[in-house]
Structure formats: C-alpha cells, structure tokens
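Participant: structure here, sequence nowhere to be found:
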C-alpha cells in the first residue's frame, strides 16, 4: 500500500468543489464510503456473536436485512470510484495498456491483503479460504476497470442486463452435476458445486466448508453491482445536466431498480449469499438513491457540518477494514488470567470485564461493537488530521 503525501492528500480530498456539477471528486462519495465502512465495522465486531440485534445480522438465506446491504453498497461505490479515477485515462487510448497494468496491480494487492487476512495468524495454506470479501472486491475492481476503459455506457448497460439474465438461467435452469435439477439450496446449487469442484472444501468458508458466500459463480453478478455504480457515475459526471435534474432522475432510476428487484424476487429470490440478480437490482437501487441524497446534501447544498466522522472513515476505507480484521486476533493472542483463573485472550477479557457486567447480553454485544467503531474513528481522525491516506 502507498502513503499519499500531504500535498496530494490536500488536493484530492479536502479542497471543496467549486461547482456541484463539475467532474471532480465527490465529497458525497467519500461520505457514502465512510458510512458503509462504519456499518461494516459495526456488524463485523459484536462483543458476542451469540447476541446480536436482528438488523445487524445477515438474513438466514432468502431475504435482506440492513446488514445485507453493506457489501453491495461498497461494490457499487467501487464502480462509481472507477469512473472518477479512470475517465481521463479512458479518453487516451494510447495509455490504456499502462492503465490496465495499474488496475491489475491494485487488484492483486487487494487480493493479497485478503489472502493474508485469511492466513493470519496460523498461515496454514492447506486450509486457507481462497474466496473472500477483499478477493471479490479485487475481481470486481479488475473486471469493471477494464470494461470501463474499453466500452461505452450503452455497452455497459447491455453487459449488466446480460449478466443478470445469464446468472438467473445458470442457477435456475442448468442441472447441478451429481445433484440433479437446478436449485437454490445452500449446499447443492450450481455455485456451491463449482466452488467445491474448483477450490476444494478445505479452501471455502470455514463455517460450512461446503459452500462460500463469496464463491466463484456469485462474483459474476457482483460485477453487475459494480457496473450499476459505473452507470450512476457516468450520469453524475454529465456537464450539461443541472444538479437538481441529476438527483431527480437518479432517484427515479434507483426506485425503478428496487421495484424490478422486488418483482424479480417472485421467482429468483433476493439472496446475498447467492448474490441473485434480484438482489443486485434491489441493493443497487437503494445505493443509487443513497448516493443521490448525499450528493444533494454534500455537493449541491454544501451541508457538510455533519460529515467529518464518515469522511475520515471514507478516505482510509480499505485500511480500516483490513486492520480491523487483524487487531482482534492479535489481541486474543495476548493471554491474561480470566475470572475462573484460566488464560483468556485480551480482547475477550476486556469485553467480559468492561461490558458484560453492566449490560444485558445483547446490549453488551452492541456496546462492544460501538466502542470498536469509536476507537477506529479516533485512529482515523488522527490520520486524517496528519493528512495520511493509505491507498492500495
């Protein structure tokens, strides 16, 4: 990863936009990314996994909770960010080769960070999970980056439609070898079969070892989520359209996507683990509406007095996501004496000492997660003040 210099940080992140419609960096995009990552830290770090409020849990299978929106929101943001980062290079075909090499390098770093996180601290390659959140981000970044360089918006919209229909056909029409007719069950759908066949059970999600929520086939529609973000960004960068018109039509498009997702849900259920086509439209539509609201507030109306906390999260999003997955494991490698005299990991000791005695089980778990978000906010605030931004 790369630490950005103070001058570069000031130019890219802290200079206000002169005009809301100019094709510069969106403050609202960093805020949206920050809110998304704050929510990700909250749901990934409960004090006790056995006591979690329902909205902070994933849907058991079909369906969608607020937690199920976090990952597609982030991939949608990846698509938006690519347009703002690569539009200049796209207009210079002679540089496409070098640009694609940069895209490939960044994707490789993202995947490498995910693999390191999966290996840490045991570094057992025989059972390491090969798919994962950062792995999926890496693939979506790579594919969407190349697609953006080489296609126009109509081709991107056509590719999105093709992906969503193809994925529906694959999961609901193609028979599953060894299991029979197509189905949407966790362990016997086509995607689960493909993961076991290609990766082997030892390299899948450790909670099941028979399927993976970030598996190979499900990454195809996840690319569609990135494409939705790209199409949204292309609309926001229109120079000849007034900001109010951009926001209005983005709300209309987002609402239409949500409606189509709900209709499609009737025969291809909304499901995060399968990343179904209906889920892509439903979550993508909500993401478009959220970005439209933030764009209107932050970039058009200039209402920025409230944005500091999500902003400091947003400009170091991958850094905090990666480190927040390692620090709890590091803390639990430090052993201290528990109440029963048995060795206990430091993270667990802190939780049982400062939270469990003072709250109900479910509120202790929530309080632990909130404190985790606040601790990282303090760290990121210091980094932001010192203009330290670590970029992949």
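Facilitator: Okay, I see it. In this text the structure is predicted, and so the values were computed from the model without any measurement.
Participant: please count neighbours and contacts with C-alpha atoms only from this point.
Facilitator: Noted.
Participant: in stretch 342-353, which residues are buried?
Facilitator: 344-352 (16 or more other Cα atoms under 10 Å).
Participant: chain center to that stretch: distance?
Facilitator: How far stretch 342-353 lies from its chain's middle: 30 Å, per Cα atoms, centre = their mean, to the nearest Å.
Participant: quick one on the thing from earlier: from the buried residues of stretch 342-353, which land in strands?
Facilitator: 344-345 (DSSP state E).
Participant: a markdown table for the buried residues of stretch 342-353, including pLDDT?
Facilitator: Conversion of the buried residues of stretch 342-353 to a markdown table gives the following (pLDDT from 0 to 100):
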| residue | pLDDT |
| --- | --- |
| 344 | 91 |
| 345 | 94 |
| 346 | 95 |
| 347 | 95 |
| 348 | 94 |
| 349 | 94 |
| 350 | 95 |
| 351 | 96 |
| 352 | 93 |
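Participant: quick one: which of the buried residues of stretch 342-353 is nearest residue 155?
Facilitator: Lowest distance from residue 155 to the buried residues of stretch 342-353 (Cα to Cα) belongs to residue 347, with 49.7 Å.
Participant: got the contact list for the closest one?
Facilitator: Counting by Cα atoms under 8 Å, 6 or more residues apart in numbering, residue 347 makes contact with 328, 331-332.
Participant: how close does it sit to residue 357?
Facilitator: As judged by Cα to Cα, to the nearest Å, residue 347 and residue 357 stand 15 Å apart.
Participant: got it, and residue 296?
Facilitator: Counting by Cα to Cα - residue 296 and residue 357 are separated by 44 Å.
Participant: the more surrounded of the two?
Facilitator: residue 296 (19 against 11; other Cα atoms under 10 Å).
Participant: so residue 139, which of the three states?
Facilitator: On the three-state scheme (DSSP: H, G, I helix; E, B strand; the rest coil), residue 139 is labelled helix.
Participant: pretty sure it is touching residue 109, no?
Facilitator: No: between residue 139 and residue 109 there is no contact under Cα atoms under 8 Å: 11.2 Å.
Participant: these two: which has the busier surroundings?
Facilitator: residue 139 (20 against 17).
Participant: look at the nearest residue to the more buried one once chain neighbours are set aside and report its pLDDT.
Facilitator: Nearest non-adjacent residue to residue 139, counting by Cα to Cα, 6 or more residues apart in numbering: residue 107, 6.7 Å away. You'll see residue 107 listed with a pLDDT of 98.
Participant: phi, psi of residue 107?
Facilitator: phi -60, psi -40 (degrees, to the nearest 10).
Participant: ok, it - contacts?
Facilitator: Contacts of residue 107 by Cα under 8 Å, 6+ apart are 138-139, 141-142.
Participant: how about residue 174?
Facilitator: So residue 174 contacts 181-182, 190 (Cα under 8 Å, 6+ apart).
Participant: can you list phi and psi of it for me?
Facilitator: Backbone phi and psi, for residue 174 under degrees, to the nearest 10, turn out to be phi -70, psi 120.
Participant: end to end, how far does stretch 264-281 reach?
Facilitator: 9 Å.
Participant: list the contacts of it.
Facilitator: 61-64, 68, 72, 164-165, 167-168, 191, 212-214, 218-219, 221-222, 224-225, 257-258, 260-263, 282.
Participant: pull out the buried residues from those residues.
Facilitator: Among the contacts of stretch 264-281, the ones that count as buried (16+ other Cα under 10 Å) are 62, 64, 68, 72, 164, 167-168, 191, 212-214, 218-219, 221-222, 224-225, 257-258, 260-262, 282.
Participant: out of the contacts of residue 174, who's nearest residue 82?
Facilitator: The nearest member of the contacts of residue 174 to residue 82, counting by Cα to Cα, is residue 190 at 30.7 Å.
Participant: hmm, residue 163 is touching residue 220, no?
Facilitator: Yes: counting by Cα under 8 Å, residue 163 touches residue 220, with 7.0 Å between them.
Participant: quick one, which of the two is more surrounded?
Facilitator: With neighbours defined as other Cα under 10 Å, residue 163 and residue 220 compare such that residue 220 has more, 21 against 18.
Participant: work out for me the element the more buried one sits within.
Facilitator: Counting by DSSP states H and E, the element that carries residue 220 is helix 219-236.
Participant: what do you get for residue 210?
Facilitator: Short version: residue 210 belongs to no helix or strand, going by DSSP H and E.
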